[in-house]
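Enquirer: quick check, what structure comes out for this input:
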Amino acid sequence: MTKAPTLPRVLPGFGLSLGFTLTYLSLVVLIPLAAVFIRASSLSLEAFWDAVTAPRVLASYRLSFGMALLAAAINTVFGLLLAWSLVRYRFPGKKLVDALVDLPFALPTAVAGIALTALYAGNGWLGQYLEPLGIKVAFGPLGVLVALVFIGLPFVVRTVQPVLEDLETELEEAATSLGAHRWQTFRHVILPVLQPALMTGFALAFARAVGEYGSVIFIAGNIPMVSEITPLMIISKLEQYDYAGATAIASVMLVASFLLLLAINGLQAWQARRNGRSE
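Expert: Below is the predicted model:
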């Protein structure tokens, strides 16, 4: 029997491309991450446990992960509303609003932190009206939340916006003609299509927020046990030349972030399979 002719590869030079990709990924991602764990492993088990479970460090875990999750949830809701307005409606200044969405991408994080502090401090433009009402934003946990919402909003908007643009309005019109109310149309027609994009935007906003440093330190106040974030604890360890302690905290943060993102991606895949079976 004669062998069938071998078809040419779709991607020429696949071996070379794959090798370059793996080399680049190793240099940029894998080797630095491995160095964190290797340096942290220089500590004894007891010293490692003491470093990652110190009271101030535990308080920073709660603040960083808690506020990152809350900010991502807030951005998911309001990012959807903003993307919906930009796609479905025409209004004066629409292009300006669309451009302003990307401002947190281009703005240096330190500048964002200073600007937010100037707005929400006790003598700021907004803070002078909020503090008499008992709402203290700057120099507290609420300031951390405001900063994380600010830097995470574009991830949700830019993830959902293309899906909304490709969504056919005929599906909504068909649901309406069959007697569906607005909420029923949104829940059963629009939301299943947007859900993967919303989950992706949530994951991106959370990943961006959990490691944020520059915009947070100015508005947080950095009060021990109150408004210290985990990246600040790592920087503090580095300034004290405690590199092993810094990498220990960083490794815990890395593993926790990876597990949370893995759970989010797993939930997204499960939801996609569920929607596929229901169809």
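
Enquirer: kindly export the helix or strand of the chain with the lowest mean pLDDT (C-alpha atoms) in PDB.
Expert: None of the helices or strands of the chain scores lower by mean pLDDT, DSSP states H and E than helix 169-177, at a mean of 76. Taking C-alpha atoms only, helix 169-177 is exported to PDB below (Å, rounded to 0.1, in the frame of the first residue of the first chain):
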ATOM      1  CA  THR A 169     -31.100  42.500  18.200                       C
ATOM      2  CA  GLU A 170     -33.400  40.200  16.300                       C
ATOM      3  CA  LEU A 171     -33.100  37.700  19.200                       C
ATOM      4  CA  GLU A 172     -34.500  40.300  21.600                       C
ATOM      5  CA  GLU A 173     -37.200  41.300  19.100                       C
ATOM      6  CA  ALA A 174     -38.200  37.700  18.700                       C
ATOM      7  CA  ALA A 175     -38.400  37.200  22.500                       C
ATOM      8  CA  THR A 176     -40.500  40.300  22.900                       C
ATOM      9  CA  SER A 177     -42.900  39.200  20.100                       C
END
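
Enquirer: which helices and strands does that helix pack with?
Expert: Other helices and strands packing on helix 169-177, by 3 or more Cβ pairs under 8 Å, 6 or more residues apart in numbering; DSSP states H and E, are helix 182-185. All C-beta spots, glycine's among them, are computed from the backbone N, C-alpha and C.

Enquirer: list the contacts of the helix it packs on.
Expert: 172, 175-176 (Cβ atoms under 8 Å, 6 or more residues apart in numbering).

Enquirer: so how many other residues sit close to Asp102?
Expert: 12 (other Cβ atoms under 10 Å).

Enquirer: hmm, it is touching Phe155, no?
Expert: No. At 10.7 Å, Asp102 and Phe155 do not qualify as touching, with contact defined as Cβ atoms under 8 Å.

Enquirer: go ahead and name everything in contact with the least confident helix or strand of the chain.
Expert: Taking Cβ under 8 Å, 6+ apart as the rule, helix 169-177 contacts 184-185, 188-190.

Enquirer: nearest to Arg273, of those?
Expert: Closest approach to Arg273 among the contacts of helix 169-177 (Cβ to Cβ): His188, at 18.3 Å.
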